[in-house]
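>>> next comes the sequence, and after it the predicted model I'd like to discuss.
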Amino acid sequence: MNASGAWSSAYLSHHENAWHYYEEYTGLVRKLAKAEDSLRSNGNTSESLIHHLTDDLRTAAYRSAASTHLYACLAMEGFLNFYGVRRLGGWYFKDKILKLSIIPKMDKLFDLCFKKTPGKAFSAAVRKTFQARNKLVHPMTTEVHRSNLLSVIDPHPEDHFVNETIKTLRLFAKEMCSHDRDLDARFHFPRTRK
């Protein structure tokens, strides 16, 4: 079959959105830190009061962090789908690989396209990122007891797992580009354009 044309995928938009929301998140965390410092320097010593008075910034930072995380996962899986169709053909990819979960999909693509398996640290980082995504999109109700109280309290926004997500997104781009000389990180994984 003769085919000509260009490839179309939304992964690039998701990648740019992940960076957009991460930059928004880091700006909100800076504003939150300044607001907390200002409240403390004005004599507010109650952490619960400081938390209450900065709740709008906390909520916005969590929202940006969650958006970053979801878009980063969409970008990584979207790229694997794009790359799989491009390298293996749409019919084969859709029939044999598309519906696999993220790690089996990545393993299969590495095997078929690069004749190797992804590194253990790389796979572990991607797995952890997608497990956190699953917790976000499939929230579970938890009964709270003294023994698990600290595990159900959200961390301060500056300690959010999104910082690890961005490290994984960078590692993903580096790993993919290191195995295929036709992949250019500046084109396939650019930072947000201003």
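It's in.

>>> and Ser64, what element?
Assigned by DSSP states H and E, Ser64 belongs to helix 55-88.

>>> what does Glu16 give?
helix 11-41.

>>> which elements pack onto that helix?
Contacts defined by 3 or more CB pairs under 8 Å, 6 or more residues apart in numbering; DSSP states H and E place helix 11-41 against helix 47-53, helix 55-88, helix 162-179. Every C-beta, even on glycine, is put in place using the N, C-alpha and C of the backbone.

>>> just give me the neighbour total for Asp182.
Other residues within reach of Asp182, judged by other CB atoms under 10 Å, total 8.

>>> just checking, what packs against the helix holding Ser64?
Where contact means 3+ CB pairs under 8 Å, 6+ apart, helix 55-88 is packed against helix 11-41, helix 90-96, helix 102-109, helix 120-137, helix 162-179.

>>> following the fourth one, which helix or strand shows up next?
From helix 120-137 onward toward the C-terminus, using DSSP H and E, the following helix or strand is helix 149-152.

>>> pull the distance from that following helix to the chain's centre.
Its chain's average C-alpha position is 23 Å from that of helix 149-152, according to CA atoms, centre = their mean, to the nearest Å.

>>> and it, what does it pack against?
Against helix 149-152 (3+ CB pairs under 8 Å, 6+ apart) you get no helix or strand.

>>> Trp7 in helix, strand or coil?
coil (DSSP: H, G, I helix; E, B strand; the rest coil).

>>> surely it meets Asn81?
No. Using CB atoms under 8 Å as the test, Trp7 is too far from Asn81 to be in contact (10.9 Å).

>>> of those two, who's got more company?
Asn81 (19 against 8).
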